[in-house]
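Chemist: Sequence and predicted structure, then a few things I'm wondering about:
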Amino acid sequence: MNKIGSAVGGFFRAIGHFFGDFFTAIAKGDWAVKLSLIIWGAGCARRKQYVKAVALTVLEVGVILFSVFFASQYVPKFGTLGTVVMEQQLNMQTLKMEFNDYDHSFLILLFSLFSFVVWAIALVIWMRTVVNAYRLQLDEAAGRHINSFKDDIHDYLGDKFHVTLLTLPIIGIVIFTVIPILLLIFVAFTNYDQQHMPPSSLFTWVGLTNFKSLLSNGGMTVTFGYAFVRVLGWTLVWAFFATFTTYFGGIFMSLLLNSKKTRAPRLWRTLLVITIAVPQFVSLLLVRNFFSNGGIVNTICRNIGLTGLLRDWGLISTSYIPFLSAPGWAHVMIILINIWIGIPYQMLIATGILMNLPSDQLESARVDGANKVQTFRYITMPYMLQVTAPTLVTDFVKNINNFNVIFLLTDGVYTTTNQLMANSQAKEVDLLVTWLFNLTQNYYNYKMAAVIGIMVFIVCAVFTLVAFNFLIRGDKEGVYQ
């Protein structure tokens, strides 16, 4: 964890330097630098950077207008998320029923959060403006050249062009990624659900109540803790098997097709690639119908007597094999079906890597008398792991959030008989992400969905940090060589 710790330490040191530069500028700056605390463009105007001074002043005015005419409507209500419920009242002048000036909890939360982000960005720009004003003072005192507006444009199209290119993507990340994530976190601390649905009703802050419900058993009526442990366990089991079965299966299939003893390898490779070309949701829906309780597979099994045999052995108690409708059976079938749809993709990746195996090492192994198993164990597999280890990490995280396979195979087919799971709107075959989807889409339980979303992030973040720290620790390539 040393490199992760160094990165975190470097981040906080950078923040410390930023604040240190700001307070140094205030302490040692001249009157123009100090005036920049009030009028952002003052320091630039003092050094004849008039265009930048006007731009900064206009930006300051914009922030003030935003705060007065927009943020002031929502931020003061952020502490309660609204107190006025929507009601219809009789307008005595028009004699018509009209809605009152009610509060909307979600809009208050969203626009307050947006205001906080705008203010945070404005704060950074303000502090940066003061620091830059002080640097202009130092440049002037040292007789160094002070950029004009034309010089700045030239720099941002030249040496600082990366800043110009990154500006728009960063704005997009803030709007479409940072704000939604923060909104998700805030919702987790509210009672936003079907009983508190704005605008007809309000929701408010409840602190850590939702987290306590998820992380502890609460009896027969509130069983999110019971369901969370089981859904999390199945999520991790699924992610492990879904990742490594397709990974090693793809390598094995690639070796098999590249073997000189395999006949018509192009034909087999083409057939496997076709499974990738077919949209996954089409394949999964067809397979779900095949293995449903009244599907073609159950019909065949019943006709050949397999269903009756399994019933006689006590493995099933129904007139069909519950491939996708009973615990255990469904878990195994989901993993097997995922192997079928996942191996071709991993096979293509493995084929590309195997074509670039170091030929000199393979030749040396043959000269030294190594057989095929030894060559695979000591050369092929280590090389594959070296190249694809980051992909394994991302595949594991992707499978934790693999919504398509679970949802398309079990939706409408699997119904839980466990009342404790049903009380939490969960099923034994749910992943955390499908459970989250059901809570929002079908039950409007946004508060618990937000808590589960945070848990998914924590699981993925912890695994990714630990895995990548292990991968970058030491000289892995040197060890292989």
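Modeler: Cool, got the structure. This one's a predicted model, so the numbers in the text were calculated from it and none came from an experiment.
Chemist: contacts and neighbour counts: CA atoms only from here.
Modeler: OK.
Chemist: Could you identify the helix or strand that succeeds the longest helix anywhere in the chain?
Modeler: Counting by DSSP state H, the longest helix found in the chain is helix 105-142. The helix or strand immediately downstream of helix 105-142 is helix 149-156, counting by DSSP states H and E.
Chemist: what is the mean pLDDT for that following helix?
Modeler: The average pLDDT within helix 149-156 is 85.
Chemist: which strands and helices sit next to that helix?
Modeler: helix 161-173 (3 or more C-alpha pairs under 8 Å, 6 or more residues apart in numbering; DSSP states H and E).
Chemist: picking that back up, and the longest helix of the chain, which residues are buried?
Modeler: Of all the residues in helix 105-142, those buried under the rule 16 or more other C-alpha atoms under 10 Å are 105-106, 108-115, 117, 119, 125-137.
Chemist: can you give me the offset of it from its chain's centre?
Modeler: When C-alpha coordinates are averaged (C-alpha atoms, centre = their mean, to the nearest Å), helix 105-142 and its chain have centres 28 Å apart.
Chemist: now do stretch 164-178
Modeler: In this view, stretch 164-178 has its centroid 16 Å away from the chain centroid, taken as C-alpha atoms, centre = their mean.
Chemist: what's the answer for stretch 376-392, then?
Modeler: For stretch 376-392 - counting by C-alpha atoms, centre = their mean - the centre lies 27 Å from the chain centre.
Chemist: now swap in stretch 240-250 and tell me
Modeler: That offset, for stretch 240-250, works out to 22 Å (C-alpha atoms, centre = their mean).
Chemist: any idea of the mean pLDDT for that stretch?
Modeler: 91.
Chemist: go on, stretch 10-17?
Modeler: The average pLDDT for stretch 10-17 rounds to 82.
Chemist: Using PDB, write out every CA atom in it.
Modeler: The C-alpha trace of stretch 10-17 is given here as PDB (Å, rounded to 0.1, in the frame of the first residue of the first chain):
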ATOM      1  CA  GLY A  10       1.200  13.900  -2.400                       C
ATOM      2  CA  PHE A  11      -2.500  15.000  -2.800                       C
ATOM      3  CA  PHE A  12      -2.700  16.500   0.600                       C
ATOM      4  CA  ARG A  13       0.700  18.100   0.300                       C
ATOM      5  CA  ALA A  14      -0.400  19.800  -2.900                       C
ATOM      6  CA  ILE A  15      -3.500  21.100  -1.100                       C
ATOM      7  CA  GLY A  16      -1.200  22.400   1.700                       C
ATOM      8  CA  HIS A  17       1.000  24.200  -0.800                       C
END
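Chemist: contacting residues for residue 110?
Modeler: By C-alpha atoms under 8 Å, 6 or more residues apart in numbering, the contact list for residue 110 reads residue 183.
Chemist: All further residue positions should be reported with the first residue as 27.
Modeler: With 27 as the first residue, the last one maps to residue 136.
Chemist: Could you report the separation of it from residue 319?
Modeler: 45 Å (C-alpha to C-alpha, to the nearest Å).
Chemist: before we move on, what about residue 124?
Modeler: With C-alpha to C-alpha as the criterion, residue 124 and residue 319 are 54 Å apart.
Chemist: And the two? Which one has more around it.
Modeler: residue 319 (20 against 12; other C-alpha atoms under 10 Å).
Chemist: Could you list the buried residues of stretch 54-64?
Modeler: For stretch 54-64, using 16+ other C-alpha under 10 Å, the buried residues are 55, 58, 59, 60, 61, 62, 63.
Chemist: same check, this time on stretch 350-360
Modeler: So for stretch 350-360, counting by 16+ other C-alpha under 10 Å, buried means 350, 351, 352, 353, 356, 357, 359, 360.
Chemist: Which of these sits closest to residue 446?
Modeler: Nearest to residue 446 among those is residue 353, at 14.6 Å by C-alpha to C-alpha.
Chemist: give me every residue that touches the closest one.
Modeler: So residue 353 contacts 454, 455 (C-alpha under 8 Å, 6+ apart).
Chemist: Specify the local secondary structure of it.
Modeler: coil (DSSP: H, G, I helix; E, B strand; the rest coil).
Chemist: For residue 288, see how far away residue 223 is.
Modeler: Residue 223 sits 62 Å away from residue 288, going by C-alpha to C-alpha.
Chemist: In terms of packing, which of these two has more residues around it?
Modeler: residue 223 (18 against 12).
Chemist: Next one: the more buried one from residue 250, what distance?
Modeler: 21 Å.
Chemist: Also residue 391?
Modeler: Residue 391 is 56 Å from residue 250, by C-alpha to C-alpha.
Chemist: Then residue 140?
Modeler: The spacing between residue 140 and residue 250, counted by C-alpha to C-alpha, is 31 Å.
Chemist: One more: residue 428?
Modeler: Distance from residue 428 to residue 250, by C-alpha to C-alpha: 21 Å.
Chemist: Comparing the two, which shows the higher neighbour count?
Modeler: A direct count of neighbours by other C-alpha under 10 Å for residue 428 and residue 250 places residue 250 higher, at 27 against 20.
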